[in-house]
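1. dropping the sequence and predicted coords here.
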Amino acid sequence: MINSVLRLRKKHSDLATGLAFISPWIIGFLAFVLYPLLASFYYSFTRFNIIQAPRWIGLEGYAELFFDDPLFWISIKNTLYMLVFGLPSSLVVSLLLAVLLNQNIRFKAFFRTLFYLPTIIPAVASAMLWLWIFNPQYGLINSVLALIGIRGPGWLVDPKWSKPAFIIMDLWGVGGAMVIYLAGLQGIPEQLYEAADIDGASWMQKFWRITIPMLTPTILFNLILGAISKLQYFTAPYIMTRGVGTNVPPGSPLNSTLFYSLLLFQNAFAYFKMGYASAMAWILFVLILVITLVLFRSSARWVYYEGQ
């Protein structure tokens, strides 16, 4: 009986000690994750501007987004443009770089470091650099084009070229995905390529029949991370498209770079429509969830896992 009581006390003591050690994480999770999450869900059904108390309006805010706010659909279109055109280009370029840097070439470590460096540069610094590169008058790209007699486009001041400019800029930061592809490539058994060589397979056949199938789990990983990143595209357009010192809001010219997260930010912190912005945030959450689930469900048809 006494031993049972002592064991029970020891268990309670161990539990208390464990809770004490993880209490900073628990407090942080409750204060900075769970509470904001629940609060934003409640605010999405209210009219809330920070100054006045929230006023319950039900689904009115969601209805206004879908039926009365043209900027909402413009931001959806711009964001999907980056998802449909920007994401595949980034995935393809990062994969090609990984394949090239996986070969036995000189200065391989140097080139790997060189291509990865842009990913560790702060996003704001990168945006300022590319703001100069895309300058239509004295930017680097148009200056090089002028040397060969080509008049460069307006880039960020031209609605036709503003989104392609961001796609080009994103190619500069594919080093993170490239490193992940490299890890996947080095995990492919060398015996598969040796067997293909014995059968007389060309490098293209080995690439499509061995490399790509064995790399599909890595492709899925980069695809999901890239899709989430494109749906939350914010920092670069916020820095590069707002008129500094003017009343020009981010998203110019003519709302061609008004991405979803940018509009959400404007509603929350420029117009103080917190309830409206919370509704937008939950729509974005559902959109990301649906796309992620679709990718996971579709992966059963095209992703190959070794041993299956």
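-> Sure thing, it's come through.
2. packing partners for the helix or strand that contains I224?
-> Using DSSP states H and E, I224 sits in helix 212-231. Contacts defined by 3 or more CB pairs under 8 Å, 6 or more residues apart in numbering; DSSP states H and E place helix 212-231 against helix 87-101, helix 175-186, helix 274-302. Where C-beta positions appear, they are placed from N, C-alpha and C, glycine not excepted.
3. and whatever helix or strand comes next after the second one, which residues are buried?
-> Once the chain leaves helix 175-186, the next helix or strand it forms, by DSSP H and E, is helix 190-198. Along helix 190-198, these residues count as buried under the neighbour rule (16 or more other CB atoms under 10 Å): A196.
4. next SSE downstream of helix 190-198?
-> Following helix 190-198 toward the C-terminus (DSSP H and E): helix 203-206.
5. tell me the mean pLDDT for that next one?
-> Averaged across helix 203-206, the pLDDT comes to 92.
6. packing partners of it?
-> For helix 203-206, the packing partners by 3+ CB pairs under 8 Å, 6+ apart come out as helix 190-198.
7. that older thread, quick one: closest of the helices and strands packed on helix 212-231 to F221.
-> Closest to F221 of the helices and strands packed on helix 212-231 is helix 175-186 (CB to CB; 6.7 Å).
8. can you tell me the average pLDDT over that closest one?
-> Helix 175-186 comes out at a mean pLDDT of 95.
9. how far off helix 87-101 does it point, in degrees?
-> On the basis of axes from the mean of the first three to the mean of the last three CA atoms, to 10 degrees, helix 175-186 is oriented at 50 degrees to helix 87-101.
10. F265: neighbour count?
-> 16 (other CB atoms under 10 Å).
11. likewise for Q186?
-> 10.
12. with adjacent residues omitted, what lies nearest to it?
-> Nearest residue to Q186 in three dimensions, chain neighbours excluded: N102, at 7.0 Å (CB to CB, 6 or more residues apart in numbering).
13. for that neighbour, give me the pLDDT.
-> 92.
14. same thing with the one 5 residues further on?
-> What the model reports as pLDDT for F107 is 88.
15. show me what contacts A123?
-> Each residue near A123 by CB atoms under 8 Å, 6 or more residues apart in numbering is listed here: T235, A236, I239.
16. kindly present the residues you listed as a markdown table, with separate columns for distance to I74.
-> Listed next are these as a markdown table, based on distance: CB to CB, whole Å:
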| residue | distance to I74 |
| --- | --- |
| T235 | 20 |
| A236 | 18 |
| I239 | 20 |
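17. from those residues, which is closest to M274?
-> T235 (21.3 Å).
18. how about the closest residue to that closest one other than its chain neighbours, phi and psi?
-> With sequence-adjacent residues excluded and distances taken as CB to CB, 6+ apart, T235 is closest to A123, at 4.3 Å. Dihedral angles of A123 (phi, psi; degrees, to the nearest 10) stand at phi -60, psi -40.
19. tell me which residue is most central in the protein.
-> In the chain, the residue lying closest to the centroid (CA atoms, centre = their mean) is S229, at 1.0 Å.
20. from S89, how far off is that residue?
-> To S89, S229 is 13 Å away according to CB to CB, to the nearest Å.
21. again, but for N104
-> Distance of N104 to S89, given as CB to CB: 28 Å.
22. ditto for R112
-> 21 Å.
23. N104 and S89: which has the busier surroundings?
-> The residue with more neighbours, out of N104 and S89, is S89; 15 against 5, by other CB under 10 Å.
24. who's in contact with the residue nearest to that one when sequence neighbours are not counted?
-> Among residues not flanking S89 along the chain, I167 sits closest, at 6.0 Å (CB to CB, 6+ apart). Contact analysis of I167 by CB under 8 Å, 6+ apart lists M82, F85, G86, S89.
25. count of neighbours near G86?
-> 23.
26. nearest spatial neighbour of it, skipping sequence neighbours?
-> I167 (4.4 Å).
27. what's the separation between the one you found and S75?
-> On the measure of CB to CB, I167 and S75 end up 17 Å apart.
28. same deal with M204?
-> 41 Å.
29. more neighbours, those two?
-> Shown here are M204 and S75; by other CB under 10 Å, S75 has more neighbours (23 against 8).
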